[in-house]
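*Asks:* Quick check, what structure comes out for this input:
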Amino acid sequence: MRTLISALFIGLMSLTSIQAMAASGGVHLDPVELDLSDKASLQRGAKTFVNYCLSCHQASFMRYNRMAKDIGLTDAQVKENLMFASDKIGDTMTVAMRAEDAKKWFGVTPPDLSVISRARGTAWLNTYMRSFYLDDEKTTGTNNTVFKDVGMPHVLWQQQGYLSHDEETGHLEHATEGELSNYDYNVMIADLVNFLAYVGEPSKIQRLELAKWVLLYLFLLFLVVYPMKKAFWKDIH
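*Replies:* Okay, the predicted model is just below:
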């Protein structure tokens, strides 16, 4: 039985590794520390998302009023600062661009990002958004080491600057400087990934908040049940 369990564990770990390598195309992925309880980070990530992503990508499973409640904003704040594609707080985060037009302009319809963090993984997103590099052969002028020949342009080039790619070593270096330092840009991307992780599983925030109360309840229940167990079984032990 122990041998069978060990074999199953090794097989599961191998499958996970294969899936991770397949998702990244064999490129090393940089993990990112996320904190769904950090509402300031979620708010910054939401700002980046609506300003730079929502013009092409939608998050059609998320409603503005749900987002407002979860990340600590009022409906008025969301309407004033985060709603550019709709005027109804109960609307979902969709884009006005038609799918046919997007496919004609970009060669492919930009994917819905509602569950992209669960489909790709947060490490993939974190690495992808920091791995665009100059490529004269691409119509967009850039390529990506994580997603080769991606149709998406580098929308955050002003913040990061442009990178050059050494084909032999695979290293990325700054060809032009951006408005942000490397540290600040990495924080910006971490906030964006944090927000996308929230969008992919918004109920997780409530589950995490509820978990501490559940653990407290179980601890108090143990204090009551354990003496009862000792009393019931005292003549047997």
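*Asks:* helix/strand/coil for residue 222?
*Replies:* When classified by DSSP: H, G, I helix; E, B strand; the rest coil, residue 222 comes out as helix.
*Asks:* Make residue 1 into 34 and carry on from there
*Replies:* Taking 34 as the first residue, the last one we looked at is residue 255.
*Asks:* do you know how far it is from residue 261?
*Replies:* To residue 261, residue 255 is 11 Å away according to Cβ to Cβ, to the nearest Å. The way it works is simple: take the backbone N, C-alpha and C, and place the C-beta from them, glycine included.
*Asks:* now swap in residue 203 and tell me
*Replies:* 63 Å.
*Asks:* cool, residue 194 as well?
*Replies:* 66 Å.
*Asks:* Comparing the two, which residue is more hemmed in?
*Replies:* Using other Cβ atoms under 10 Å, the more surrounded residue of residue 194 and residue 261 is residue 194, with 17 against 9.
*Asks:* Now do the contacts for the more buried one.
*Replies:* Under the criterion of Cβ atoms under 8 Å, 6 or more residues apart in numbering, the neighbours of residue 194 are 207, 208, 209, 210, 211, 212.
*Asks:* got any ranges where the protein has weak pLDDT?
*Replies:* Applying pLDDT under 70 to the chain flags residues 34-58, 270.
*Asks:* the helices in it, which residues?
*Replies:* 35-57, 72-81, 97-103, 108-114, 132-139, 149-153, 155-161, 190-193, 215-233, 236-265 (DSSP state H).
*Asks:* Tell me which of those sits nearest to residue 172.
*Replies:* helix 132-139 (9.5 Å; Cβ to Cβ).
*Asks:* tell me what the top strand by length along the chain is packed against?
*Replies:* The single longest strand within the chain, with elements called by DSSP state E, is strand 92-96. Contacts defined by 3 or more Cβ pairs under 8 Å, 6 or more residues apart in numbering; DSSP states H and E place strand 92-96 against strand 125-126, helix 215-233.
*Asks:* what's the shortest one in contact with?
*Replies:* In other words, strand 125-126. For strand 125-126, the surrounding residues in contact (Cβ under 8 Å, 6+ apart) are 83, 87, 91, 92, 93, 94, 95, 96, 97, 100, 118.
*Asks:* The third one: what's it in contact with?
*Replies:* Just to be clear, that refers to residue 91. 125, 126, 127, 128, 145, 146, 147.
*Asks:* ok, for residue 147, nearest residue in space, not its chain neighbours?
*Replies:* residue 94 (3.8 Å; Cβ to Cβ, 6 or more residues apart in numbering).
*Asks:* Let me know the distance separating the one you found from residue 80.
*Replies:* Counting by Cβ to Cβ, the gap from residue 94 to residue 80 is 20 Å.
*Asks:* just residue 250 next, same as before
*Replies:* In terms of Cβ to Cβ, residue 250 sits 37 Å off from residue 80.
*Asks:* Which of these two has more residues huddled nearby?
*Replies:* A direct count of neighbours by other Cβ under 10 Å for residue 250 and residue 80 places residue 80 higher, at 16 against 10.
*Asks:* Got the domain ranges for this protein?
*Replies:* 60-234, 238-270 (automatic domain parsing).
*Asks:* I'd like the helices and strands packed on strand 92-96 laid out as CSV, including mean neighbour count and distance to residue 187.
*Replies:* Formatted as CSV, the helices and strands packed on strand 92-96 follow (neighbours: other Cβ atoms under 10 Å; distance: least, Cβ to Cβ, whole Å):
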stretch, mean neighbour count, distance to residue 187
strand 125-126, 22, 22
helix 215-233, 21, 12
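*Asks:* Save the ones you listed as JSON lines, and put in distance to residue 184 too.
*Replies:* As requested, the helices and strands packed on strand 92-96 are exported to JSON lines (distance: least, Cβ to Cβ, whole Å):
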{"stretch": "strand 125-126", "distance to residue 184": "21"}
{"stretch": "helix 215-233", "distance to residue 184": "19"}
